[in-house]
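> Sequence first, then the predicted structure, then my questions.
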Amino acid sequence: MKIFYSEEHRKHYPPFEVFDGGIRVPYYENPDRMDQILSALNKTDWAELTEPKDFGLDPILAVHDQGYINFLASCWTEWLASEPEVAAAPEQHAFLPATFALRRKSRPTSSLRGRGGYYIMDLSACIVEATYKAALASANCALSTAEFVLKNSTNAFALCRPPGHHSGKDYAGGYCFINNAAVTANWLSSKGKVALLDIDYHAGNGTQDIFYERDDVLTISIHGDPDFEYPHYIGFADETGEGVGLGFHKNFPLPKDTGDEQYLSTLDEALSMIRDFAPEHLVLSTGMDAYDGDPLGTFHVTQNGFNEMGKRISSLNLPTAIIMEGGYANEALGNNLTTLLKTFR
């Protein structure tokens, strides 16, 4: 299997994040995640790692707001220039907003802190010096995967870091800065209908935001119910699209302690919707945080469950761009992922 990966991600390593309740903790979305996956892939006889190519900004700006991308590109250098304390010890700092935009019509300001609160939705999307370059490389991994899938009518995997599905048209959140899966799906949509299935434990709020008024990309997310789980304000069952997109988005919010049986039953419903939609391509937002024991999840999906998920999804027989999202039980992450990936060979 062709796997697109870039070492550019390693320098995106914020020294902390601010977790639930205001506690400063080590950054969960860290380079060790990729090392665990790479270690597992290197033990297989089918993983072929390849550097991504550079697609430029056009495919990204087809999905994301120009002002938001400009903010990601300039945030760190602006902050260094305005904060002598940060410039003196940049490795100890990460940019986070102090205020957030209210639930009314708002706009970005000339203030960096004001733009931070407008373009960042939470305290886990920490920006450091290499964040923007890492996000661009991650998007290029996804786009390279899309191009390979299109040209070869087969499956391929984008080992993306940072992940993307919490990033909306003009905001970062949940460790995500550029929505890799959405960029991929949008790029493929010019070639025909696309289905995007999100199996990450957390609702794909950014993906929902981007495609909510479109009917050429069917988006489906299976996740922890936002009544108790991040991102809390989106991902409910009655959110099904707007305008021409009405009926082309589906959320499957599931309760705490969901295990293999309930998850797979829900997956079967999602796959039935995809078959009815009859897309030319599938984009799979592949989070492994539904795993039993993931520190950021409450589900109990087993490694056998991931194997069965892969079998059922691959049975669609669609050329599939598999895009890495979350998963934070690092010791099990590589084996869980390769268990799923091998079903697409």
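The structure has been received and is ready for your questions. Numbers count the residues shown, from 1 in each chain.
> Could you list every helix and strand that the host helix or strand of Val183 packs against?
Per DSSP states H and E, Val183 falls inside helix 180-189. Under the contact criterion of 3 or more CB pairs under 8 Å, 6 or more residues apart in numbering; DSSP states H and E, helix 180-189 touches helix 58-61, helix 131-152, strand 194-198, helix 205-211, strand 217-224, strand 281-286, strand 320-324. For the C-beta atoms, the positions are set from N, CA and C on the backbone; glycine is no exception.
> which residues are contacting the following helix or strand past the last one?
The C-terminal neighbour of strand 320-324 among helices and strands, as given by DSSP H and E, is helix 330-341. With contact meaning CB atoms under 8 Å, 6 or more residues apart in numbering, helix 330-341 is reached by 1, 32-33, 36-41, 43-44, 47, 157, 286, 288, 291, 293, 303, 306-307, 309-310, 322, 324, 327, 329.
> try 7 Å this time
Identification of contacts with helix 330-341 by CB atoms under 7 Å, 6 or more residues apart in numbering yields 1, 32-33, 36-37, 39-41, 44, 157, 286, 288, 291, 303, 306-307, 309-310, 322, 327.
> List buried members of those residues by neighbour count.
If you count burial by 16 or more other CB atoms under 10 Å, the buried members of the contacts of helix 330-341 come out as 1, 33, 36-37, 40-41, 157, 286, 288, 291, 303, 306-307, 309-310, 322, 327.
> So which of the residues you listed belong to strands?
Phe157, Thr286, Ile322 (DSSP state E).
> Distance to Gly297 and pLDDT added to those residues, as TSV?
Listed next are those as TSV, based on distance: CB to CB, whole Å; pLDDT from 0 to 100:
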residue	distance to Gly297	pLDDT
Phe157	22	98
Thr286	14	98
Ile322	20	99
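> Which member of the residues you listed is positioned nearest Asp209?
Within those, distances to Asp209 taken as CB to CB reach their minimum at Thr286, with 19.6 Å.
> Could you measure from the closest one over to Leu341?
8 Å (CB to CB, to the nearest Å).
> any shared contact partners between those two?
Ile322.
> ok, back up a step: filter the buried ones among the contacts of helix 330-341 down to just the ones in helices.
Arg33, Gln36, Ile37, Ala40, Leu41, Gln303, Phe306, Asn307, Met309, Gly310 (DSSP state H).
> Switch those over to JSON lines; also include pLDDT and distance to Leu197.
What follows is these, written out as JSON lines (pLDDT from 0 to 100; distance: CB to CB, whole Å):
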{"residue": "Arg33", "pLDDT": "98", "distance to Leu197": "21"}
{"residue": "Gln36", "pLDDT": "98", "distance to Leu197": "24"}
{"residue": "Ile37", "pLDDT": "98", "distance to Leu197": "20"}
{"residue": "Ala40", "pLDDT": "98", "distance to Leu197": "23"}
{"residue": "Leu41", "pLDDT": "98", "distance to Leu197": "22"}
{"residue": "Gln303", "pLDDT": "98", "distance to Leu197": "20"}
{"residue": "Phe306", "pLDDT": "98", "distance to Leu197": "14"}
{"residue": "Asn307", "pLDDT": "98", "distance to Leu197": "17"}
{"residue": "Met309", "pLDDT": "98", "distance to Leu197": "10"}
{"residue": "Gly310", "pLDDT": "98", "distance to Leu197": "12"}
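> now, the most widely separated pair of these?
Arg33 and Asn307 (20.5 Å).
> Show me what whichever helix or strand Leu267 is part of is in contact with.
Assigned by DSSP H and E, Leu267 belongs to helix 260-277. With contact meaning CB under 7 Å, 6+ apart, helix 260-277 is reached by 193, 195, 197, 218, 220, 222, 250, 252, 254, 290, 299, 301-302, 304-305, 308-309, 312-313, 316.
> Could you list the buried residues of that helix?
Asp260, Tyr263, Leu267, Ala270, Leu271, Met273, Ile274.
> just stretch 138-154 next, same as before
Neighbour-count burial for stretch 138-154 [16+ other CB under 10 Å]: 138-150.
> these two touch, right, Lys133 and Glu7?
No - under the criterion of CB atoms under 7 Å, Lys133 lies out of contact with Glu7, with a separation of 11.2 Å.
> The two: who's more crowded?
Lys133 (15 against 11; other CB atoms under 10 Å).
> so what's that one closest to, chain neighbours aside?
Computed as CB to CB, 6 or more residues apart in numbering, the closest residue to Lys133 that is not its neighbour in sequence is Glu8, at 5.8 Å.
> Do you know the pLDDT at the one you found?
At Glu8, the model reports a pLDDT of 98.
> Repeat that for the one 5 residues further on.
Tyr13 is assigned a predicted lDDT (pLDDT) of 98.
> any idea how far it lies from Glu280?
Taking CB to CB, one finds Tyr13 at 38 Å from Glu280.
> Neighbour count: these two, which is higher?
Tyr13 (19 against 15).
> and that one, what are its phi and psi?
Phi and psi for Tyr13, reported as degrees, to the nearest 10, are phi -150, psi 80.
> correct me, but it touches Pro31?
Yes - counting by CB under 7 Å, Tyr13 does reach Pro31; the two are 5.9 Å apart.
> Can you list the neighbours in contact with stretch 132-143?
Taking CB under 7 Å, 6+ apart as the rule, stretch 132-143 contacts 4-6, 8-9, 11-12, 52-55, 59-60, 72-73, 158-162, 164, 177-178, 180-181, 183-184, 187, 323.
> low pLDDT regions in this structure?
Counting by pLDDT under 70, the chain shows no low-confidence range.
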